[in-house]
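Student: Have a look; sequence and predicted model below, questions after that.
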Amino acid sequence: MPPSVTPRPARRRRAVVLGVLLSVGVVVTGLVQAAPSAAPRELDPRIAAIMRKPDYRHAQWGLFQQNPRTGRVTHSRFADQFFIPGSVAKLFSVSGTWHTLGGDHRFVTPVHAVGKRRNATLMGNLDLVAQGDLTLGGRTRRDGTVAFTSIDHTYANDVPGATLTPQDPLAGVDQLARQVRRAGIRRVDGDVVIDARLFQRDPALDPVPTPLIINDNVIDLLTSPGARAGTPAGLDWRPKVAPYHVTSSVRTVAAGAPSDINVSSSPDGTRIQLSGTIAAGSAPALRVSAIKDPNAFGRTALIEALKRAGVQVRANPVGPNPVRQLPRTYQGAPTVARYTSPTYAQYAELILKVSHNLGANLGMCLMATSTGSTRCEDGFPVLARFLERAQVDRKAVQLADGRGGNPADRTTPRALAQILTYWQRTPEAARFRTALPILGVDGTLATSCRTCPSRGKVFAKTGTAAGGDLLNDRLAVGAETTAGYLETRKGHYDVFFAGVNGAATPTADITGVLTIADDVADVAAHLQQQAAGRHH
């Protein structure tokens, strides 16, 4: 959720003030009731039944479905009214970044030898110049694609069932270290420095993007139950980089009892403590803890990787990143290693499939750097120009971040249909469509509609915005939304939006939010089935 900070530019001040409200669990709706526009098709009775559920007594549903080739509208309900989008807003930010960089763009992260070589000794520093690579090899499969799980590890503290990908989060760092060794360097009589001058940290974006990212800037903490109740729980964590250290007092409780694991850390994030309980016989429970200083973390990780590769560094591996030693230019400083990322289209798939918040916000910074700016906020004009070229009504979209988490974020269903229609008219239509979660198959739609007729025929980004309703001891769901493509017949797709604002769960348990998400997925499935039925 947006941090309670005062932004530098005046144009972002109001958005961050609203962020203070959201950070204490107040869901800002601000929706003005208006009559729904006329719907050319009668609403499917199954959809109407969902909308009449008690959870939606005070809520507002929006629907929009259109053939992007002919422009014919099949369903339209509040199509031109602002809705809180949640992560559906990522359709805009990811599209803008994809267009700006190109789907085949690869991030090349170099390591420069700054100083003089004396045989196998570098009399100087090794500088890693961060390029905004989202994973730096930490999720890359052998075939060059980017791995993900249906519930990403970045959500482990909030959503049950988060799991890890099997890839080593330090794979890219190790590859760079081995290249330095192959370049003939055996000793560095200097330091290792992370050059993160690509763009400045912007606290108005949450999570805050950084030019160097290792393991999504988190430490993974995996707790396994002991053999029986009363025994200590097992602990594993990654990546293991000094001076980060993890201890656990988690105890095993009886099978079937609730698991409750809490994470705390020292102010600098390097001392992490797990406490609580885990039920015997349960699956391992994943939690994460933030890396507070990604540059210092990356510096230590590279020094340790160099040691594993047979390169000794004279400087102390633990300590702050010595940014004052960075040169003005790397002219004359040879590149002794470089890591080349997968394509941006692969990163877009990761962001869209799992709703990767850091990656979506990073896109705003990368759009800014494309203009030569180091200020992430300068990515918004780039996005604005793209939306206009894509024939999206820019005034029907409000964004103050890239992930859809700022309380100022709004969009109309029709504007979402417009960005989706844009992609259908490009050579990368299929590439973009399949980068979205697929109903019953993968990403945030993996567990919905697993056996229904629409499985594999709905491609859509999902979004959630929820906070605690302390007055009624329940969760208030500001938004549960989805937008994407419905396969009407083989090779033909309608664009659609289905979502609800202002719903409420019966309890404070997150399962109520997941139930609402299933309802929205079911609405999408019914739209698809109805559309497919018309073509048979």
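Tutor: Cool, got the structure.

Student: Name the single longest helix found in this structure.
Tutor: helix 511-534 (DSSP state H).

Student: Would you mark the buried spots in that helix?
Tutor: Buried positions in helix 511-534, judged by neighbour count with 16 or more other C-beta atoms under 10 Å: 512-532. Where C-beta positions appear, they are placed from N, C-alpha and C, glycine not excepted.

Student: next one: stretch 492-509
Tutor: 493-505.

Student: what's the closest non-adjacent residue to the residue nearest the centre of the chain?
Tutor: Geometric centre of the chain, nearest residue: residue 356, 1.1 Å, by C-alpha atoms, centre = their mean. Excluding its sequence neighbours, the residue lying closest to residue 356 (C-beta to C-beta, 6 or more residues apart in numbering) is residue 350, at 5.6 Å.

Student: do the same with residue 67
Tutor: Residue 67 sits nearest to residue 494 (C-beta to C-beta, 6+ apart), 5.6 Å away.

Student: Can you name the residues bridging to that neighbour?
Tutor: residue 486 (DSSP bridges).

Student: ok so the residue nearest to residue 356 is a strand residue?
Tutor: No: if the criterion is DSSP: H, G, I helix; E, B strand; the rest coil, then residue 350 is helix and not within a strand.

Student: where's it relative to residue 215, distance?
Tutor: According to C-beta to C-beta, to the nearest Å, residue 350 and residue 215 sit 13 Å apart.

Student: list residues touching both of these two?
Tutor: Residues touching both residue 350 and residue 215 (C-beta atoms under 8 Å, 6 or more residues apart in numbering): none.

Student: Tell me who's in contact with residue 379.
Tutor: 96, 363, 364, 365, 366, 367, 368, 402.

Student: repeat that for 10 Å
Tutor: 93, 96-97, 100, 199, 202, 205, 361-371, 373, 402 (C-beta atoms under 10 Å, 6 or more residues apart in numbering).

Student: Then residue 237?
Tutor: Counting by C-beta under 10 Å, 6+ apart, the residues that residue 237 touches are 219-223, 244-246, 248, 272, 274, 287-289.

Student: next helix or strand past the helix or strand where it lies?
Tutor: Using DSSP states H and E, residue 237 sits within strand 234-238. Remark: after strand 234-238, the chain's next helix or strand is strand 245-248, criterion DSSP H and E.

Student: what's next to the helix or strand following that next one, contact-wise?
Tutor: Going down the chain from strand 245-248, the next helix or strand is strand 251-253, by DSSP H and E. Applying C-beta under 10 Å, 6+ apart, the contact partners of strand 251-253 are 223-234, 259-260, 275-282.

Student: Please pick the buried ones from the residues you listed.
Tutor: 223, 225-226, 229, 233-234, 259, 276-280, 282.

Student: before we move on, the earlier item: got a quick PyMOL command for the buried subset of the contacts of residue 237?
Tutor: Entered in PyMOL, the line below selects the buried ones among those, by 16+ other C-beta under 10 Å:
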select buried, resi 219+220+221+222+223+244+246+248+272+274+287+288+289
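
Student: okay, the contacts of residue 237 in CSV with distance to residue 209 next?
Tutor: Formatted as CSV, these follow (distance: C-beta to C-beta, whole Å):
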residue, distance to residue 209
219, 18
220, 20
221, 23
222, 26
223, 29
244, 21
245, 27
246, 25
248, 30
272, 23
274, 27
287, 22
288, 17
289, 19
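
Student: Can you tell me which of the contacts of residue 379 end up in helices?
Tutor: Per DSSP H, these map to helices at 93, 96-97, 100, 361-369.

Student: Who wins on neighbours among the residues you listed?
Tutor: residue 363 (32 neighbours; other C-beta atoms under 10 Å).

Student: residue contacts, that residue?
Tutor: For residue 363, the contact set (C-beta under 10 Å, 6+ apart) comprises 90, 92-98, 100-101, 132, 134, 209, 344, 347-348, 351, 376, 379, 382-383, 402-403.

Student: How confident was the prediction at it?
Tutor: At residue 363, the model reports a pLDDT of 98.

Student: the helices in the chain, which residues?
Tutor: Using DSSP H, helices in the chain cover 13-23, 45-51, 90-101, 171-182, 294-309, 344-354, 357-369, 379-389, 413-424, 429-435, 511-534.

Student: Between the ones you listed, which one is closest to residue 68.
Tutor: For those, the distance to residue 68 is smallest for helix 413-424, at 4.0 Å, taking C-beta to C-beta.

Student: Spatially nearest residue to residue 60 (excluding sequence neighbours)?
Tutor: According to C-beta to C-beta, 6+ apart, the nearest residue to residue 60 is residue 501 (5.3 Å).
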